[in-house]
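Undergrad: Next one to model:
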Amino acid sequence: MTVHEINNSAGQSRWLALLVLALAQFMVVLDVTIVNVALPSIQDALGFSASGLQWVVNAYTLAFGGLLLLGGRLSDLVGRRRVFLAGMGLFAAASLAGGLAPSAGVLIAARAIQGVGAALLSPAALALVTVSFPAGRERNLALGIWGALAGIGGTLGVVAGGALVDSLGWEWIFFVNLPVAAVAFVATPLVVQESRRQAPGAGFDFAGATLGTAGLLALVLAVIRSGPAGWGSAEVLGLFAVAAALLTSFIAIEARTPDPLVPLRLFRSRALSASTVALTLNGAAFLGMFFLTALFLQEVHHDTALQAGLHFVPMGIAAIASATVGSQLVTRFGTRAAFLTGAAVGVVGLLLLTQVGVHASYATDILPGLVVFGLGLPLVGVSNQIAAVADVPAEDVGAASGIVTTAFQVGGALGLAIVSTAATSRATALLAGGAAPAHALTAGYHRGLLVAAGLAVLNLVLGALTAPRITPDAQTLANAAAAA
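TA: Presented below is the predicted three-dimensional model:
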C-alpha cells in the first residue's frame, strides 16, 4: 500500500468516525427536546402531578449538566472511546427502561440514568472528533458538521416526538434510541481510534461531582416544593439550607483539590464569569418557555403531539439561521453587542408569547413570539461561548467551555423549576376558585412566561453592566468552535 493510499484510508476513517460520533450526539440532543411534546401523554399514562411532570425533563437535565465535567475528565483519563461506549450503553439501557416504565418514579429514575449516560458519551464524542482531525480546515469543517447536526437534532426532536406519540405511543420516544445505539456499538470499534490524555496528574474529583450535583438537586427541589408547601415552610427552608451547605462544600473542595472539575482560578476572567451567568440565565428562560409552550399547545390550543412539534419548527429554523450568522456578527461588532442584541430580542419574544389567549391563532398570535425568541437565543449563546474562551490560557479552553456548557444545562433545570412552579401555582389557585380549566391553564402560562421574561431581562441588565467588549481574532473563534 502506498503512502497516498494509507493517508486516503485514514482520511476516510476519520469521516466515518465523525458520522458515528455525530449520530450519537444527535441522539443526545434529540432526547432533550423529544420528550417535551410527549409530556401530556406521559402525564395521563403514569399519573404525574402538575408539579411532578417537570422531573421528566429535569431528572435528565440535572444529571447531564451536573456530571458533564466529570464525564469529560473520565474520558481523558480512562480512554475516550471506552467512556463513549460505556455512556452509550448506559443511555440505551435507560432508554429501554424509560419506554417500559410502569410508574412515574421508574420513569424519573430512567431519565436520570439517561442523563448520566449522556454526560459520559457527549464530551467523549466531542473530544474524539477534535483529536481525529488535524487543526485547521478539516477540523473546522468537522466541528461545523457536528454543530449543525446538534442544531438540527433539537428541531427534529419535537417533530419526531410528536409523530411517534401520535402513531405508536409515548414509549417510542425512548425506544427510538435503541437502533441508534446499536449502530454506534457496532461501528465505533471499527472506525473510531482510542485516545486519552497523556499529561499525568489529573484526578477524578468524585467528591466535587457528588457535592455539586446533590446541591443543585436540593436547590431545584426547594424551588419546586415552594409552590405546594410555601416559601416559608420548614420543608422548603430546610432544602435551601441543605443546598447551601452542599454547594458551599463543593466550592471548598474545588478550592483545595489539586485537579478540580471546576478550576475556580478561571473565574478571575471577567469574560468567563459574565458568560457563565449569561448562559445560566439563557438556559433558564429557554427551557422554561419550551416546557410551558409544549403543554399550552396541547392542553389549551388542542394540538396533537405532532402538530405541537411542527409548530415549534419555525423557532428551530430561526435559531439555526441566527446561530449561522452569530459568529459573523461577533467578528464584526464584538461579543457584547451580539449578546445584548440577542438578549433584547429574546425578551421581546417572551413578552409576545405572554399575550397569547385561550382562543389564540397559531399564525398570528403564537408564531411571531416563537420566531422572535428563536432569533435571540443563539446570539446570546454564540457570543458568550466565544467570550468565555477569549482570555483564558490555551490549556484551559476545554475547562472553560465545560463550565459554560454546564451552566446552560444547570440553568435550564433551575429555570424550569422556577417557571413551572410559578405557572402551576397560578393555575391551581384559579382552578380552586372555580375558573374554567382552559382559562386557568392560560393564566398559569402567562405567569410562567412573565417569570421567564424576567430572567431574560435580568440577563440583559447584567450583560449591560458586566459583559466585556471583545472582538475575537481567528484563534479565539477556532478555540470556541472546538470547545462548543
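
Undergrad: use CA for all of it now, contacts and neighbours both
TA: Fine.

Undergrad: Below-threshold pLDDT in the stretch 151-300 of the chain: ranges please.
TA: 151, 197-203 (pLDDT under 70).

Undergrad: thought Thr130 was touching Trp146?
TA: No - contact between Thr130 and Trp146 fails when scored by C-alpha atoms under 8 Å: they sit 10.5 Å apart.

Undergrad: between the two, which one's more packed in?
TA: Set side by side, Thr130 and Trp146 show more neighbours around Trp146, with 21 against 18, by other C-alpha atoms under 10 Å.

Undergrad: Now the more buried one: which helix or strand?
TA: helix 137-167 (DSSP states H and E).

Undergrad: can you list the residues that contact stretch 442-452?
TA: 284-286, 288-289, 292-293, 296, 300, 350-351, 353-358, 415, 418-427 (C-alpha atoms under 8 Å, 6 or more residues apart in numbering).

Undergrad: Sorry, slip of the keys, the one I care about is stretch 336-353.
TA: So stretch 336-353 is contacted by 289, 326, 329-330, 365-366, 368-381, 383-384, 446, 449-450, 452-453, 456-457, 459-460, 463-464, 467-470 (C-alpha under 8 Å, 6+ apart).

Undergrad: List the contacts of the most centrally placed residue in the chain.
TA: Centroid-nearest residue in the chain: Gln409, 4.3 Å away (criterion: C-alpha atoms, centre = their mean). By C-alpha under 8 Å, 6+ apart, the contact list for Gln409 reads Thr61, Leu62, Phe64, Gly65, Thr280, Gly283.

Undergrad: about what we covered before: out of the contacts of stretch 442-452, name the ones that lie in helices.
TA: 284-286, 288-289, 292-293, 296, 350-351, 353, 415, 418-427 (DSSP state H).

Undergrad: Tell me where the model's unsure across the stretch 351-484 of the chain.
TA: Those would be 394-395, 397-398, 472-484, if you go by pLDDT under 70 across the stretch 351-484 of the chain.

Undergrad: what's the distance between Ala50 and Ile42?
TA: 11 Å (C-alpha to C-alpha, to the nearest Å).

Undergrad: The two: which is more packed in?
TA: Neighbour count, other C-alpha under 10 Å: between Ala50 and Ile42, Ile42 has more, with 22 against 16.

Undergrad: Leaving out chain neighbours, which residue sits closest to that one?
TA: Closest residue to Ile42 apart from its sequence neighbours, by C-alpha to C-alpha, 6 or more residues apart in numbering: Trp170 at 6.5 Å.

Undergrad: right, and the one you found touches Pro40 too?
TA: No - with contacts counted by C-alpha under 8 Å, Trp170 stays clear of Pro40, the gap being 9.4 Å.

Undergrad: what about those two, which has more around it?
TA: Trp170 (24 against 20).

Undergrad: what secondary structure does the more buried one sit in?
TA: The assignment at Trp170 comes out as coil when based on DSSP: H, G, I helix; E, B strand; the rest coil.

Undergrad: So it versus Leu107, what's the distance?
TA: 12 Å.

Undergrad: got it, and Met27?
TA: 18 Å.

Undergrad: now do Ile386
TA: From Ile386 to Leu107 the distance is 37 Å (C-alpha to C-alpha).

Undergrad: Neighbour count for these two, which is higher?
TA: Using other C-alpha under 10 Å, the more surrounded residue of Ile386 and Leu107 is Ile386, with 29 against 23.

Undergrad: hang on, that one packs against Thr331?
TA: No - assessed by C-alpha under 8 Å, Ile386 is found out of contact with Thr331, at 10.1 Å.

Undergrad: Give me the spatial nearest neighbour of Thr188, chain neighbours excluded.
TA: Nearest to Thr188 is Val20, by C-alpha to C-alpha, 6+ apart, at 6.8 Å.

Undergrad: Could you pull up the contacting residues of the one you found?
TA: Contacts of Val20 by C-alpha under 8 Å, 6+ apart are Ala184, Ala187, Thr188.

Undergrad: before we move on, what about His439?
TA: Val358.

Undergrad: What strand or helix carries it?
TA: helix 437-466.

Undergrad: Could you tell me how far that helix lies from the centre of the chain?
TA: Here helix 437-466 is found 19 Å from its chain centre; the criterion is C-alpha atoms, centre = their mean, to the nearest Å.

Undergrad: Which positions in it come out as buried?
TA: In terms of neighbour count (16 or more other C-alpha atoms under 10 Å), helix 437-466 has its buried residues at 438-460, 463.

Undergrad: on that earlier part again, need the max-distance pair from the contacts of Gln409.
TA: Maximum pairwise distance in the contacts of Gln409, criterion C-alpha to C-alpha, is 14.5 Å, between Phe64 and Thr280.

Undergrad: most neighbours, which of the contacts of Val20?
TA: Ala184 (22 neighbours).

Undergrad: Isn't that residue up against Ala24?
TA: Yes - at 6.9 Å, Ala184 and Ala24 qualify as touching, with contact defined as C-alpha under 8 Å.

Undergrad: Just the buried residues from the contacts of stretch 336-353, in ChimeraX please.
TA: The following ChimeraX line selects those of these that are buried, judged by 16+ other C-alpha under 10 Å:
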select :289,326,329,330,365,366,368,369,370,371,372,373,374,375,376,377,378,379,380,381,383,384,446,449,450,452,453,456,457,459,460,463,467,468,470
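
Undergrad: Figure out the helix or strand that the residue nearest to the centre of the chain lives in.
TA: Short version, using DSSP H and E: Gln409 is in helix 397-432.

Undergrad: Run the chain-centre distance for that helix.
TA: Relative to the mean C-alpha coordinate of its chain, helix 397-432 is positioned 11 Å out (C-alpha atoms, centre = their mean).

Undergrad: That one: which residues count as buried?
TA: For helix 397-432, by 16+ other C-alpha under 10 Å, it's 397-428, 430-431.

Undergrad: in the host helix or strand of Val57, what counts as buried?
TA: For Val57, the element it lies in under DSSP H and E is helix 55-78. The neighbour-count check on helix 55-78 (16+ other C-alpha under 10 Å) flags 55-77 as buried.

Undergrad: before we move on, back to that, return the angle between stretch directions for the helix holding His439 and helix 397-432.
TA: 150 degrees (axes from the mean of the first three to the mean of the last three C-alpha atoms, to 10 degrees).

Undergrad: which SS state does Gly434 fall under?
TA: Three-state call for Gly434 (three-state DSSP): coil.

Undergrad: Enumerate every residue touching it.
TA: Counting by C-alpha under 8 Å, 6+ apart, Gly434 has no contacts.
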